[in-house]
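*Asks:* Okay, predicted coordinates and the sequence, questions at the end:
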Amino acid sequence: MGKGISQLVASKGLDVVLIEKDEICAKKALEGITRNIDKEIARWTMTNSEKKNILNRITVTAKLEDAAAGDMVIESIPENLELKRELFKKLDQICPKNTILLPILPPLALPKSPKSLNDRKNLSACIFFIRYRRFQWLKSFVD
């Protein structure tokens, strides 16, 4: 899901830092995004110029610390609430207080989501309904 979200956000003109668990996964993620875009080009729904622009907006890394540079962090790790909480504790320490943290949560986990981390006022939950380029908006549930 992280590759699709990264591609979508980059296709809307925003710079993206895609953080994977290791360098091998980071390389595979970029290859996967490239494959997805190539499929879109084959269907005539995207051009090579758009591909170049999207890929130029995506930086892939395996360093969680690189999240500190972003204005918004969207996680897409496996749907394990404890794992997500552990990640957001780390992100809370790494990222400036004005960084928006967006956990991708299954609908059943939303009532259990934490209202804040260290009094953050910019933590919300969201669910992406991705159809890649045809997708225009995301559903966000603000705590």
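*Replies:* Yep, that arrived.

*Asks:* what comes into contact with the longest helix anywhere in the chain?
*Replies:* Criterion DSSP state H: the longest helix present in the chain is helix 23-42. Contact with helix 23-42 is made by 2-4, 6-7, 18-20, 46-48, 50-51, 54-55, 58, 60-62, 132-133, as judged by CB atoms under 8 Å, 6 or more residues apart in numbering. No exception for glycine: its C-beta is placed from N, CA and C like everyone else's.

*Asks:* need the strands for this protein, in chain order.
*Replies:* Along the chain, the segments classed as strands by DSSP state E run 16-19, 58-61, 72-74, 100-102, 124-127, 139-142.

*Asks:* Partner strands of the third one, with direction?
*Replies:* Under the criterion DSSP bridges, strand 72-74 sits next to strand 100-102 (parallel) in its sheet.

*Asks:* Tell me which residues touch the most centrally placed residue in the chain, please.
*Replies:* Geometric centre of the chain, nearest residue: residue 74, 4.0 Å, by CA atoms, centre = their mean. Residue 74 is in contact with 5, 9, 102, 104, 126, counting by CB under 8 Å, 6+ apart.

*Asks:* Pick out the lowest-pLDDT one from these.
*Replies:* Lowest pLDDT within the contacts of residue 74 is found at residue 126 (53).

*Asks:* coming back round to it: residue 79: which of the contacts of residue 74 is nearest?
*Replies:* In terms of CB to CB, no member of these lies closer to residue 79 than residue 104, at 8.2 Å.

*Asks:* Which strand residues bridge that closest one?
*Replies:* Applying DSSP bridges, one finds that residue 104 bridges with residue 126.

*Asks:* ok, how many other residues are close to it?
*Replies:* Counted by other CB atoms under 10 Å, the residues lying close to residue 104 total 19.
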